[in-house]
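Engineer: Dropping a prediction and its sequence here:
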Amino acid sequence: MSSPIDRCSLRDDLASPDFWDPVIEFYKAKVDRAELRANLALTVEERFIKAERRHRQLDRIRRCEELLAQAASALEEARSLLSKMSV
């Protein structure tokens, strides 16, 4: 029994080479192709290492955001207390 993939050609689903979609073109203009090429030059292991490094950086940024939010809250509380004291 043949699978659904065998029964239909995947090529039939592809757009013709001269197809132009303004939405796709809009997003293509914003893609850094040099970065894509550099990433494709990496081995799979190097890509995983790079991804792990980015995840660690994001975790540090999130922790900093939490600390800043706590500091802002403490500052607001201190200002409120000072304003009550000066009344």
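Structural biologist: Cool, got the structure.

Engineer: any idea which helix or strand of the chain has the worst average confidence?
Structural biologist: Every helix and strand in the chain was compared by mean pLDDT, DSSP states H and E; the lowest is helix 4-7, with a mean of 55.

Engineer: Following the chain past that helix, name the next helix or strand.
Structural biologist: Sequence order places helix 22-29 as the next helix or strand after helix 4-7, per DSSP states H and E.

Engineer: Distance of residue 22 relative to residue 31?
Structural biologist: Applying C-beta to C-beta, to the nearest Å, the value for residue 22 to residue 31 is 15 Å. For the C-beta atoms, the positions are set from N, CA and C on the backbone; glycine is no exception.

Engineer: Just want to know which of those two has more residues nearby.
Structural biologist: residue 31 (9 against 6; other C-beta atoms under 10 Å).

Engineer: SS state for that one?
Structural biologist: Following DSSP: H, G, I helix; E, B strand; the rest coil, residue 31 is assigned to coil.

Engineer: tell me the pLDDT at it?
Structural biologist: pLDDT for residue 31: 89.

Engineer: How about the one 3 residues further on?
Structural biologist: For residue 34, the pLDDT comes out at 92.

Engineer: Can you give me the neighbour number for it?
Structural biologist: For residue 34, the count of nearby residues is 8 (other C-beta under 10 Å).

Engineer: Okay, and it sits in which element?
Structural biologist: helix 33-40.

Engineer: okay, the angle between the next helix or strand after that helix and helix 33-40?
Structural biologist: Per DSSP H and E, the first helix or strand lying C-terminal to helix 33-40 is helix 44-86. Interaxial angle, helix 44-86 versus helix 33-40 (axes from the mean of the first three to the mean of the last three C-alpha atoms, to 10 degrees): 120 degrees.
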